[in-house]
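S.K.: turn this into a structure:
(chains A and B)
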Amino acid sequence: MLFSSIYLLSCAPEIPEEAWVFDTIYGIANSDDDNENGESDWEESTFAEENDRSTIIIPSVFFENKTSKQKLRLTQNNENFRLYLNGTLITNSSGDNVLLSLEEPADLKIEVEFLTYNKPHSLTLSLEEEGEIINSTTIEMHSAPILIGHHLQPAELLISMGYRGAQGNQDFVDAFADVLSDQFIEYPLNEYNFDVWIQDEIEFGILQKEDHQTSLIIDSIRNRGLARLSEQELVGTDIGRGVWGSGTPTSQDSFGNLEATPPVLVDGTNYPFGRIYYGKFYTEDLAQGMKDMLDEQVIQSPVELDVSFLCVGHVDEFVTFLPDPTARQGFRMYITDTEKGYEFFSSLSSNHQLPLYQQEYGYGTVGDILSDNNLRALNEEIQATYIEPNIERFKNEFGITEDEIVRVPMLFEEPQGCYGATATLLPGVVNMAVFTHEDQESADAFIPDPFFRSNLSNTSDDPYIEMFESILPEGVTPHWVNDWEWYHVQLGEVHCGSNIKRKAVNNWWEK
Amino acid sequence: MSFISFITFFTCSIANANPSIELLEQQYPQEFARLQTLAPLPTRAGHLRFIGSDITNVQWAPLFLNRYMNATESTEVRRALLDLLYRSLGEIPDEIISSYSEEPDTIRSGILEMTDFGTIDPNLAQKDTSPLVRATFIRQVAKSSQASNSFILYALQDNDPMVLADAARAAYQKECSDAIPHLASLVTTDNHVVALRSLYALSKLDLSYARSLIQKHNLTESANKNLALFAKGL
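M.R.: Sure thing, here's the model as predicted:
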């Protein structure tokens, strides 16, 4: 034993100790389809367009300083990643190993392809002589978590479904097209069984590594008319797809019921990508497989809210976030408030005419709304048992303070066919699409037009619009979108009929 | 594929024996053809509903009534037709009410939702085999000044959480203080909606008693987070 130790010391390789220290390698799951051939890239061999693999550099000193008898070996320590050398697969599963050699000493570039989300992986690099390990190191690696976008992240693209035939929804899609031009894509509604609820079918997850980001479409098990959309229209270069959960879908499996706050600090714990929140309706909530996946990402630590008062039962129906650089954490939370609703309506003339509300709800004037005692009782109950407790939960579990909260006047009613559950009486203005700009401080907000006026074509003469614009942050530009017929009375709003792809600006590995 | 061709799979045979329907077909042949096969679209919640303000014009009601009465339409479409007729006419036609008992539960529930208390025999509705119908009946009771509170007390002994939740709401809306013992027993039930609504109802009917129950059952520490937070605020 003494003899062998002396031997090792005297013949130790001249590879400096600092060369054996490798930074952790961060990477993203290669689930997109860079060559757009309909197959996820992780199911394919190397091709020219591939851009999602991470790189490990084995410095030239390893090859320059090792003796001819010494061998450099790289061993894969666990499953679900692969190593490539010059595009050729060299290891694929735990225990696979390969001897590294170069004819001329140089840095050796090895590519890593991850097949996981938010998992640690590792390699062992060892120097051997005559079957004995002289030195070795572990190279730590970590695959990126799936990040759910929040409203302080810059938006890159807004998508929606359009039908421009007779009685179509062209007003709705034109509102996006006019403002966003080539940052907006409209897909043909008539090819997707007139399913307008694109927010519910998919969620754009974000995968991020140092030099590259991709989107991962989380495809809901909801599977209504839009079930084929992601595969037919969206998956491709830098956009992948995955499905989590199984079984009979409920409304809570839709992704209007999956949102994230902006970055928050909660009791000293920093959430640089915010926290995920989703709703539970009675005993129905997100499919277990989906909940498990979200939990496994850890970084956005999900919170479940009680949305049993809502017919559709999605969190986007009553709360949202807007960038506001004047606020403590750079945003404000906008939440529906029925007490504020009655306060606001009481400030108006009771004779204020509401032709659209007459037609849909039988309320011809503000006075008709105010005098409906059942409606008032219902809204008082919702405020006390759902809105206020959920506000408390946002304070306790998301670290949001009262001065960051904007209470938005709103009332709820019981629509036909909802078995006593509710939806907003006015188009739910918090259920808006927030297209955040690069500065992360301003945004275009596409907000449902409340039509709280007699002259339906004149938004400048609408007291609700005037009120709401007065409580918006300065950097948020409102665009009032007609969503009444195709969306509002169908129990959804602008947010529900649109979807936004965002990009991450913080680095998850620097948490 | 056009909107119209998309909807044609919901074809139905219209028996044009009704003179008012024949007249509609003669006067507005194109629109008649469209509406004859017009399909409702899924709301965000999933149930079907007809969209388009033009179709609620009362002149089309005979056509939609004919479609409703025609047994070839699915229950979901007929439920949407019921809603459309109600929006057009402001009431439910007698033909529909007279066939109430023969209809599936979603239709029975819809008819109750769109009619006033007493239009459908209350004793029949409160003992319906479907909890959907019993819950809808209790909501109808809550909105009626004529309905007796005995229906609420009956519903508070139901075994379905939806019925219990709506009965709790009806209890405070109709100021039914006889419901207090029932509500008190429900604040600790496993169903979080029933427990929350029951505590809210108690707070409206007898605040000091509600507070004593909060203390007795330590409801501020309940795993039912909304219940605990509501209890803390009382």
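
S.K.: what strands line up against the longest strand along chain A, and which way round?
M.R.: Counting residues, the longest strand in chain A under DSSP state E turns out to be strand A:132-143. The pairing partners recorded for strand A:132-143 under DSSP bridges are strand A:25-27 (parallel), strand A:120-129 (antiparallel).

S.K.: so for that strand, mean pLDDT?
M.R.: Mean pLDDT, strand A:132-143: 97.

S.K.: following it, which helix or strand shows up next?
M.R.: Counting by DSSP states H and E, the element after strand A:132-143 in chain order, helix or strand, is strand A:147-148.

S.K.: dump the strands paired with strand A:132-143 to CSV, plus mean neighbour count and mean pLDDT.
M.R.: For every residue, glycine as well, the C-beta is placed using N, CA and C. Output for those, formatted as CSV (neighbours: other Cβ atoms under 10 Å in any protein chain shown; pLDDT from 0 to 100):
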stretch, mean neighbour count, mean pLDDT
strand A:25-27, 23, 97
strand A:120-129, 18, 97
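
S.K.: redo these as JSON lines? Include distance to B:His217.
M.R.: Formatted as JSON lines, these follow (distance: least, Cβ to Cβ, whole Å):
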{"stretch": "strand A:25-27", "distance to B:His217": "50"}
{"stretch": "strand A:120-129", "distance to B:His217": "45"}
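
S.K.: out of those, flag the one nearest B:Glu95.
M.R.: strand A:25-27 (66.9 Å; Cβ to Cβ).

S.K.: just for the chain, where's the confidence low?
M.R.: Looking at chain A here, since you left the chain open. For chain A, residues meeting the criterion pLDDT under 70 lie at A:1-13, A:511.

S.K.: please go with chain B instead
M.R.: Within chain B, the stretches with pLDDT under 70 are B:1-17.

S.K.: strands along that one, start to end?
M.R.: Along chain B, counting by DSSP E, strands occupy B:41-42, B:48-49.

S.K.: so for chain A, which of those strands sits nearest?
M.R.: Between chain A and those, the shortest gap by Cβ to the nearest Cβ is with strand B:41-42, which sits at 5.3 Å.

S.K.: the closest one packs against which elements?
M.R.: When contacts are defined as 3 or more Cβ pairs under 8 Å, 6 or more residues apart in numbering or on different chains; DSSP states H and E, strand B:41-42 packs onto strand B:48-49.

S.K.: quick one: strands adjacent to the strand it packs on?
M.R.: Counting by DSSP bridges, strand B:48-49 is paired with strand B:41-42 (antiparallel).

S.K.: does any part of stretch B:67-80 sit near chain A?
M.R.: Yes. If you take Cβ under 8 Å from any Cβ of the partner chain as the test, stretch B:67-80 does meet chain A, through B:Arg79.

S.K.: in TSV: the strands of chain B, plus distance to A:Met290 and mean neighbour count.
M.R.: Shown next, in TSV, are the strands of chain B (distance: least, Cβ to Cβ, whole Å; neighbours: other Cβ atoms under 10 Å in any protein chain shown):
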stretch	distance to A:Met290	mean neighbour count
strand B:41-42	21	20
strand B:48-49	26	20
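
S.K.: what's the local residue count around the closest residue to A:Gly399 other than its chain neighbours?
M.R.: Nearest residue to A:Gly399 in three dimensions, chain neighbours excluded: A:Val266, at 3.7 Å (Cβ to Cβ, 6 or more residues apart in numbering or on different chains). Other residues near A:Val266 come to 16 when the count uses other Cβ atoms under 10 Å in any protein chain shown.

S.K.: A:Pro325 versus A:Val266, what's the distance?
M.R.: Distance from A:Val266 to A:Pro325, counting by Cβ to Cβ, to the nearest Å: 21 Å.

S.K.: let me know the secondary structure of A:Leu102.
M.R.: Per DSSP: H, G, I helix; E, B strand; the rest coil, the secondary structure class of A:Leu102 is coil.

S.K.: beta-bridge partners for the closest residue to chain B within the stretch 1-150 of chain A, please?
M.R.: Nearest residue of the stretch 1-150 of chain A to chain B: A:Ile148, at 20.2 Å (Cβ to the nearest Cβ). Taking DSSP bridges, one obtains A:Gly205 as the residues bridged to A:Ile148.

S.K.: next, the buried residues of stretch B:119-138.
M.R.: B:119-120, B:122, B:125-126, B:128, B:131-138 (16 or more other Cβ atoms under 10 Å in any protein chain shown).

S.K.: in helices only, show me the residues you listed.
M.R.: Using DSSP state H, the members of the buried residues of stretch B:119-138 that fall in helices are B:122, B:125-126, B:131-138.

S.K.: follow-up on the earlier one: which one of the strands paired with strand A:132-143 lies closest to A:Asp107?
M.R.: Closest approach to A:Asp107 among those is made by strand A:120-129 (13.7 Å; Cβ to Cβ).

S.K.: so who does residue 114 touch?
M.R.: In the absence of a named chain, this looks at chain A. Shown in contact with A:Phe114 (Cβ atoms under 8 Å, 6 or more residues apart in numbering or on different chains): A:27-30, A:54, A:80-81, A:121, A:141, A:143-144.

S.K.: chain B is the one I meant
M.R.: A:416, B:82-83, B:86, B:91-92.

S.K.: please pick the buried ones from those.
M.R.: A:416, B:82-83, B:86, B:92.

S.K.: residue closest to the middle of the chain?
M.R.: I went with chain A, as the question did not name one. The centroid of chain A falls nearest to A:Ile148 when counting by Cα atoms, centre = their mean (2.4 Å).

S.K.: look at chain B instead
M.R.: B:Glu113 (4.2 Å).

S.K.: which residue packs closest to that one, ignoring adjacent ones?
M.R.: B:Thr136 (5.4 Å).

S.K.: so the one you found sits right up against B:Thr106, yeah?
M.R.: No. Counting by Cβ atoms under 8 Å, B:Thr106 is not a contact partner of B:Thr136; they are 9.9 Å apart.

S.K.: burial count for the spatially closest residue to B:Gly52 that is not a sequence neighbour?
M.R.: Here the nearest residue to B:Gly52 in space, its sequence neighbours aside, is A:Gln167; by Cβ to Cβ, 6+ apart that works out to 5.4 Å. Close neighbours of A:Gln167, defined as other Cβ under 10 Å, add up to 15.

S.K.: any idea which of the contacts of B:Met114 is closest to B:Phe230?
M.R.: A:Gln416 (28.3 Å).

S.K.: for that closest one, what are its contacts?
M.R.: Taking Cβ under 8 Å, 6+ apart, we find A:Gln416 in contact with B:83, B:86, B:110, B:113-114.

S.K.: ok, the residue nearest to the centre of chain B - contacts?
M.R.: Contacts of B:Glu113 (Cβ under 8 Å, 6+ apart): A:416-417, B:136, B:139-140.

S.K.: then B:Asp160?
M.R.: Going by Cβ under 8 Å, 6+ apart, B:Asp160 touches B:131, B:134-135.

S.K.: now the residues you listed in TSV, with distance to B:Gly46?
M.R.: Listed next are the contacts of B:Asp160 as TSV, based on distance: Cβ to Cβ, whole Å:
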residue	distance to B:Gly46
B:Pro131	18
B:Arg134	22
B:Ala135	18
